[in-house]
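[1] Structure, please.
(chains A and B)
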Amino acid sequence: MSSLAATESQISVPTRATVIQPAWVRVMHWINAAAMILMIMSGWQIYNASPLFDFRFDHSITLGGWLGGALLWHFAAMWLLMLNGLAYLVTGLVTGRFRRKLLPISPASVVADIRAALTFKLSHGDLTVYNAVQKLLYLGIIAVGIVIVLTGLSMWKPVQLHWLVSLFGDYPAARYVHFVCMALICAFLVIHVALALLVPKSLRAMVIGR
Amino acid sequence: MAKRSFLIPGVDKRLLIKDSIKAMPDLTRRRFISGGASLGALTLLAGCDVIDSDSAEGLLKKVSKFNDAVQSWMFNPDALAPTFPDSAITKPFPFNAYYTLDEAPEIDAADWKLEVRGLVDNKKSWTLDELHALPQVTQVTRHICVEGWSAIGSWTGTPLRDFLKLIGADTRAKYVWFNCADKDGYNSPLDMRTALHPQTQMTFKFADQILPRAYGYPMKIRVPTKLGFKNPKYVVAMEVTNDYKGGYWEDQGYNSFSGS
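    Okay, the predicted model is just below:
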């Protein structure tokens, strides 16, 4: 019995040490993924009601069926996105994870790592350390996430939150910024998912933590 | 696909499909889930009825009620909608309705009267001349459509709160409910705090001209703190009431508060 217990503790020590993604990161990551997809698909349906540009999103990739349904989805999923996002930012700052994982970041390191990536020399061997390109992308997408929520609130309550609208110029400007943020998030999503599929162990870490 | 028949032992595939078809949303009703029918059929085939369009629709409506409450809490009766110089007016200001301009009501002022109902001391009807004689103000504000576009217009008329005071309305009531002459009988409730907002206006003029047919002749309710669909045109009656009576768009799923 005692020898078995000793074996278990010996195993558990390295196991604990290799936790790459703590539980809170994994839970919030997947809630965020679901909320983002609901927001993007319903947002495309809302866009279609009065397009900003000379195209519409195909009905098969939108959510809500019509404008009223899409608005119901959008204004329901916004709570999920906002509350989860807020919890993520607070936890990331309080635990020091953002500082540890995403800083420091310098222009020189970003250039060096982009060059390494383009020549297929950028290693993704150690999942516990982010390279400069990853740091830039993750910091960038957090910033975009904050801006898309702020522009969204501006469009939702342009009279009550008038001070917020003036931050982006005016109501129509906030609408364009909201759209650009959506496009950036979609671009990030494509790169993010493609890389996760190329490095399956990163996907495994985001599911089971190791 | 044929393999699916033995995925769920003991289940008759044909009956299952029949049930799936029955579970499809009524096409006369607006669908809240894109492709709700196929999703419903899929969950039935998978043998689990965790999500179907009815339960999703019910949940979304509950969240929408919650959003009504949040918006009502955020609403500041003293916060004014931004006003603009005349140079900012959108030209031409768009006509927008669930029908074409040809189908817009053609109202003869001689026949028209504004009916006043509900919790008010004086229920007399008002002719257009009587209304035009009331003190009027002009304001240039942005009309924001639920679709996302917006346009700036110049509106002249009597503040609704002055009129409500004049007719002895019970301003502790919850709503002022408007009935309109549009086809299909457009109607919409306005919460009392918004009805009493200083910029909420019984509008008789657009850009200093008698309100054109396109914008709701002879009277429109201009509410700069609400989305455009809650700005009734061609108004024929107003009722002060504590009952939530629904509205043309509200009944189809648009959020009832829809404040801006």
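[2] how much space between B:P105 and A:S123?
    Counting by CB to CB, to the nearest Å, the separation of B:P105 from A:S123 is 71 Å. From N, CA and C alone the C-beta is placed, and that goes for glycine too.
[3] who's more crowded, these two?
    Set B:P105 next to A:S123 and count neighbours by other CB atoms under 10 Å in any protein chain shown: B:P105 wins out with 17 against 8.
[4] thought that one was touching B:Y234?
    Yes: using CB atoms under 8 Å, B:P105 makes contact with B:Y234 at a distance of 4.6 Å.
[5] Chain A contacts on the stretch 51-200 of chain B?
    B:59-61, B:63-64, B:67, B:71, B:74-76, B:79-82, B:142, B:144-150 (CB under 8 Å from any CB of the partner chain).
[6] now the helices for the stretch 51-200 of chain B?
    Per DSSP state H, counting those that start in this stretch, the stretch 51-200 of chain B carries helices over the ranges B:53-74, B:128-132, B:160-166, B:192-195.
[7] any idea which of the ones you listed is most buried?
    Neighbour counts (mean count of other CB atoms under 10 Å in any protein chain shown) averaged over each of these peak at helix B:192-195, with a mean of 21.
[8] For whatever helix or strand comes next after that one, could you pull out the residues that count as buried?
    Next in sequence after helix B:192-195, counting helices and strands by DSSP states H and E, comes strand B:201-206. Using 16 or more other CB atoms under 10 Å in any protein chain shown as the test for burial, strand B:201-206 gives B:201-206.
[9] Using CSV, please lay out these together with distance to A:M78.
    CSV is the format used below for those (distance: CB to CB, whole Å):
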residue, distance to A:M78
B:Q201, 31
B:M202, 34
B:T203, 32
B:F204, 38
B:K205, 38
B:F206, 34
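[10] Out of these, which are close to chain A?
    Of these, not one also sits near chain A (CB under 8 Å from any CB).
[11] Which of those sits closest to chain A?
    Within the buried residues of strand B:201-206, distances to chain A taken as CB to the nearest CB reach their minimum at B:Q201, with 14.8 Å.
[12] re earlier: worst mean pLDDT among the helices of the stretch 51-200 of chain B?
    Among the helices of the stretch 51-200 of chain B, helix B:53-74 carries the lowest mean pLDDT, at a mean of 93.
[13] Lowest-scoring secondary structure element of chain B by mean pLDDT?
    Least confident helix or strand, chain B: helix B:36-45 with a mean of 46, by mean pLDDT, DSSP states H and E.
[14] who in chain A is up against chain B?
    Counting by CB under 8 Å from any CB, chain A comes close to chain B at A:41, A:45-47, A:49-50, A:59-60, A:62-69, A:71-73, A:75-76, A:79, A:155, A:157-160, A:162, A:171-172, A:175.
[15] Please indicate which of those are buried?
    Burial by neighbour count, 16+ other CB under 10 Å: within the residues of chain A next to chain B this picks out A:41, A:45-47, A:49, A:62-69, A:71-73, A:75-76, A:155, A:157-160, A:162, A:171-172, A:175.
[16] So which of those sit within helices?
    Mapping those onto helices (DSSP state H) picks out A:41, A:45-47, A:49, A:67-69, A:71-73, A:75-76, A:155, A:162, A:171-172, A:175.
[17] so how far is chain B from A:N131?
    Distance of A:N131 to chain B, given as CB to the nearest CB, to the nearest Å: 39 Å.
[18] Over to A:W163?
    Applying CB to the nearest CB to A:W163 and chain B gives a distance of 10 Å.
[19] same check, this time on A:L118
    According to CB to the nearest CB, A:L118 and chain B sit 39 Å apart.
[20] What pLDDT does the model give that residue?
    Residue-level pLDDT assigned to A:L118 equals 85.
[21] so how far is A:V111 from it?
    Using CB to CB, A:L118 is found at 11 Å from A:V111.
[22] do B:V236 as well
    According to CB to CB, B:V236 and A:V111 sit 69 Å apart.
[23] Compare neighbour counts for the two and give me the winner.
    For B:V236 and A:V111, the more surrounded residue by other CB under 10 Å is B:V236, and the numbers stand at 21 against 12.
[24] Apart from its chain neighbours, what residue comes closest to B:A109?
    Distance criterion CB to CB, 6 or more residues apart in numbering or on different chains; nearest residue to B:A109, sequence neighbours excluded, is B:L128 at 4.8 Å.
[25] just B:R213 next, same as before
    Once flanking residues are discounted, B:R213 sits nearest to B:A104: 5.6 Å by CB to CB, 6+ apart.
[26] So which other helices or strands are in contact with the host helix or strand of A:A112?
    Per DSSP H and E: A:A112 is located in helix A:107-118. Judged by 3 or more CB pairs under 8 Å, 6 or more residues apart in numbering or on different chains; DSSP states H and E, the packing partners of helix A:107-118 are helix A:132-156.
[27] So which residues make contact with the helix it packs on?
    A:75, A:78, A:81-82, A:85, A:89, A:101-103, A:105-106, A:109-110, A:112-114, A:117, A:122, A:130, A:161, A:164-165, A:167-168, A:171, A:174-175, A:177-178, A:181-182, A:184-185, A:188, A:191-192, B:148 (CB atoms under 8 Å, 6 or more residues apart in numbering or on different chains).
[28] Derive a ChimeraX selection command for the buried subset of those residues.
    Burial among these is assessed by 16+ other CB under 10 Å; the matching ChimeraX selection reads:
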select /A:75,78,81,85,101,102,105,110,113,122,130,161,164,165,168,171,174,175,177,178,181,182,184,185,188,192 /B:148
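[29] where's the residue nearest the centre of chain A relative to chain B, distance?
    Centroid-nearest residue in chain A, with CA atoms, centre = their mean: A:I141, separated by 5.9 Å. Distance, A:I141 to chain B, by CB to the nearest CB: 24 Å.
[30] pLDDT value on that residue, please?
    pLDDT recorded at A:I141 is 96.
[31] who's B:Y175 bridged to?
    Residues in a beta bridge with B:Y175, per DSSP bridges, are B:D191, B:T241.
[32] Neighbours of it, how many?
    22.
[33] Does it touch B:M238 like I think?
    No: assessed by CB under 8 Å, B:Y175 is found out of contact with B:M238, at 10.1 Å.
[34] Report the secondary structure element holding A:V90.
    A:V90 belongs to helix A:67-94, assigned by DSSP H and E.
[35] Just the mean pLDDT for that helix, thanks.
    For helix A:67-94, mean pLDDT rounds to 97.
[36] relative to helix B:53-74, how tilted is that helix?
    With axes from the mean of the first three to the mean of the last three CA atoms, to 10 degrees as the basis, helix A:67-94 and helix B:53-74 are set at 70 degrees to each other.
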